[in-house]
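**Q** next one to model:
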Amino acid sequence: MNTAASTRCASKTSLRWERARESARRCIREGAATVFAEEGFERATMRRIATVCGVTKVTLYAHYRDKERLYRAVMDGHLASMPSGALDMHGVADLGDALMRITDGIGRLAADASCQAFCRALSHSGPAHDVYREHWNAMLAPYFKLAEDAFTKASSRPTHAADSEKFLRLLLTEHGLPQGDRPVSGPDATVALFLRAYAAPLPGAREF
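**A** Numbering: from 1, shown residues only. Take a look at the predicted model:
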């Protein structure tokens, strides 16, 4: 076999090996995602993950040297697959329309399989992995900003910021999602929100 043919053969072999390696790593991440979602980082073991993945511990450690690296690979993969917080707010007619679009956006996020697995793993993992809580807060930030803008434009009431926060918290609770790191509002914000929804608008309230 000449040099060129030998090089091509080696290249094809290397490519097949790399594909097989990535396929194995993908299967391991999928199995580990199930375990982390059920047990969190601290309770999950590499032995349990290997069993779920159908591989030996030796094979598992050959791909991921420790549980921390595997957890990061799983969580980063979830984040990369989640829908963004960018919503089309063009042509919003009123506060109800704005909040419905935000509601739909949160609903799509909650229905996403990667989001579900990420949030379950996050809720079962300890404070050592707060970096992923920060990632989740960043994921929610656009929704909080959109809700605050919607309430601000709809009325001159001084409670609009607390109202918007309470609205998002109610949505996140409804879908079983973590609520982020914003401070919890008092009960007056909840009362104001429902008064806003059911009472007659104040004179001089601005519209979109």
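
**Q** can you map out the helices along the chain?
**A** 3-43, 46-53, 57-63, 67-81, 95-111, 113-124, 130-154, 160-174, 187-198 (DSSP state H).

**Q** and the pLDDT for the spatially most central residue of the chain?
**A** Nearest to the mean C-alpha position of the chain, by C-alpha atoms, centre = their mean, lies residue 115 at 4.2 Å. You'll see residue 115 listed with a pLDDT of 96.

**Q** any idea how far residue 17 is from it?
**A** Note on residue 115: its distance to residue 17, by C-beta to C-beta, to the nearest Å, is 34 Å. C-beta here means a position set from N, CA and C on the backbone, and glycine is covered the same way.

**Q** picking up where we left off before, for the helices of the chain, give me CSV that also has distance to residue 89.
**A** Below are the helices of the chain laid out as CSV (distance: least, C-beta to C-beta, whole Å):
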stretch, distance to residue 89
helix 3-43, 32
helix 46-53, 42
helix 57-63, 43
helix 67-81, 24
helix 95-111, 6
helix 113-124, 21
helix 130-154, 7
helix 160-174, 14
helix 187-198, 19
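
**Q** pretty sure the residue nearest to the centre of the chain contacts residue 80?
**A** No. Judged on C-beta atoms under 8 Å, residue 115 makes no contact with residue 80 at a distance of 11.7 Å.

**Q** what residues are up against residue 67?
**A** 41, 44, 45, 46, 49 (C-beta atoms under 8 Å, 6 or more residues apart in numbering).

**Q** mind checking which of these are buried?
**A** 41, 44, 46, 49 (16 or more other C-beta atoms under 10 Å).

**Q** would you confirm that the third one contacts residue 59?
**A** No. Between residue 46 and residue 59 no contact is recorded; they are 10.8 Å apart, counting by C-beta under 8 Å.

**Q** in a markdown table, list the contacts of residue 67 along with distance to residue 131 and pLDDT.
**A** Listed next are the contacts of residue 67 as a markdown table, based on distance: C-beta to C-beta, whole Å; pLDDT from 0 to 100:
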| residue | distance to residue 131 | pLDDT |
| --- | --- | --- |
| 41 | 12 | 96 |
| 44 | 17 | 97 |
| 45 | 22 | 97 |
| 46 | 21 | 96 |
| 49 | 21 | 96 |
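
**Q** from these, which is closest to residue 141?
**A** residue 41 (24.2 Å; C-beta to C-beta).

**Q** what separation do you get for the closest one and residue 34?
**A** 14 Å.

**Q** next: residue 51.
**A** In terms of C-beta to C-beta, residue 51 sits 11 Å off from residue 34.

**Q** comparing those two, which residue is more hemmed in?
**A** Shown here are residue 51 and residue 34; by other C-beta atoms under 10 Å, residue 34 has more neighbours (18 against 15).

**Q** shouldn't that one be in contact with residue 48?
**A** No. Shown here, residue 34 and residue 48 do not form a contact pair, counting by C-beta under 8 Å, at 10.0 Å.

**Q** which residues of the protein score low on pLDDT?
**A** 1-10, 12, 156-159, 180-208 (pLDDT under 70).
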